[in-house]
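Engineer: sequence? don't have it. structure:
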């Protein structure tokens, strides 16, 4: 039996320091949080790697951590989830990345101190090892919590090796039109999509030539998100997914038949009790990537990703709250039986 090709995730590893607060403090104010500080392994890259591994993917993580207790804990967490860490380098100078997360009711605010993540790509030997692994991967998954120059370099390397690129363009940054054209699957929220379209310099066209919607979200939100996704797709991105938080997500991709227009799919999110939205987007990225790589249809993959991320928000913590494949399938089955 042929060994499953691995998904290569290149990105950030952070130790999340989480505190619950009634609201965000204003400048100069000291605010008492609820309970004690919690330490939870995180980082967009590591979260997505763990999400994919728990959902059935064979995953290798590439990144950098500091020579410190946080770095060791981050490696152990990845290994416990079944993620290969052979390409995670130990930085002898910079500390491990850290995220300060403030949980406010059903939302959060996050500040990231990049630490060793900011050095990813500067070590020529480490970068060469990543490129060698990339050439053998089923796909490479990237985000923007590491240097943009490294992301650009790896996208070009993947293109040359005919390896599909999955880009979660978060946190929002300006990306060149040429770079976007080399991305197979782009995943963004509505704010990140707007920033990318604005950078392209032309207004989005709200007319879809082909559309399929299971259930309308708030009309203006969904219409705008579709227009943004279509503009990015027209620019050359094969598949664009836009996450809409509690409203679900939509996906724009190539039509099923030659000569047909783009296909637009919308999947509403199931109603759940929200505990912690941290890493919900990362869970979506992991789930959609795994589902598409294993051959699920775009509609099936989108539904799988929306339900996986909905299940995530019912649980506390970034990696600690990510669901397993069996849990997502049971959630989907239970929801379908009640429909």
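Structural biologist: Structure received. Note that this is a predicted model, so its numbers are computed, not measured.
Engineer: Would you mark the buried spots in stretch 295-302?
Structural biologist: Neighbour-count burial for stretch 295-302 flags 296, 298, 299, 301, 302 (criterion: 16 or more other Cβ atoms under 10 Å). C-betas here are computed from N, CA, C, even on glycine.
Engineer: Would you mind measuring from the closest residue to the second one other than its chain neighbours to residue 229?
Structural biologist: Here the nearest residue to residue 298 in space, its sequence neighbours aside, is residue 253; by Cβ to Cβ, 6 or more residues apart in numbering that works out to 5.3 Å. As for residue 253, its distance to residue 229 is 9 Å (criterion: Cβ to Cβ, to the nearest Å).
Engineer: What of residue 163?
Structural biologist: Distance, residue 163 to residue 229, by Cβ to Cβ: 23 Å.
Engineer: Settle it for me: which of those two has more neighbours?
Structural biologist: Looking at residue 163 and residue 229 with other Cβ atoms under 10 Å, you find the greater number of neighbours at residue 229, namely 28 against 20.
Engineer: Among the buried residues of stretch 295-302, name the ones in helices.
Structural biologist: Mapping the buried residues of stretch 295-302 onto helices (DSSP state H) picks out 298, 299, 301, 302.
Engineer: how much space between the residue nearest to residue 298 and residue 186?
Structural biologist: Distance from residue 253 to residue 186, by Cβ to Cβ: 11 Å.
Engineer: more neighbours, those two?
Structural biologist: Between residue 253 and residue 186, counted using other Cβ under 10 Å, residue 186 has the larger neighbour count: 26 against 22.
Engineer: picking up where we left off before, can you check which residues contact both of residue 253 and residue 186?
Structural biologist: 239, 240 (Cβ atoms under 8 Å, 6 or more residues apart in numbering).
Engineer: now stretch 260-268: mean pLDDT?
Structural biologist: Regarding stretch 260-268, the rounded mean pLDDT is 90.
Engineer: How about it, which residues are buried there?
Structural biologist: Neighbour-count burial for stretch 260-268 [16+ other Cβ under 10 Å]: 262, 263, 264, 265, 266, 267, 268.
Engineer: how about low-confidence regions in the stretch 101-250 of the chain?
Structural biologist: Residue ranges of the stretch 101-250 of the chain with pLDDT under 70: 106, 202-219.
Engineer: hey, where'd the helices end up in it?
Structural biologist: 124-135, 148-160, 177-180, 190-200, 219-234 (DSSP state H, counting those that start in this stretch).
Engineer: got CSV for those helices, with distance to residue 26 too?
Structural biologist: Formatted as CSV, these follow (distance: least, Cβ to Cβ, whole Å):
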stretch, distance to residue 26
helix 124-135, 42
helix 148-160, 32
helix 177-180, 38
helix 190-200, 23
helix 219-234, 29
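Engineer: quick one: which of these is nearest residue 100?
Structural biologist: Residue 100 sits nearest to helix 190-200 of all the helices of the stretch 101-250 of the chain, at 20.5 Å, using Cβ to Cβ.
Engineer: so residue 140 makes contact with residue 10?
Structural biologist: Yes: judged on Cβ atoms under 8 Å, residue 140 makes contact with residue 10 at a distance of 6.4 Å.
Engineer: what's the overlap in contacts for those two?
Structural biologist: What both residue 140 and residue 10 touch, as defined by Cβ under 8 Å, 6+ apart, is the set 134, 154.
Engineer: got a list of contacts for the helix or strand where residue 53 lies?
Structural biologist: Following DSSP states H and E, one finds residue 53 within helix 44-54. For helix 44-54, contacts defined as Cβ under 8 Å, 6+ apart pick out 7, 9-14, 59-61, 63, 74, 77-78, 81-83, 141, 143, 145-146, 168, 170, 279, 282-283, 285-287, 289-290, 308, 318-319, 322-325.
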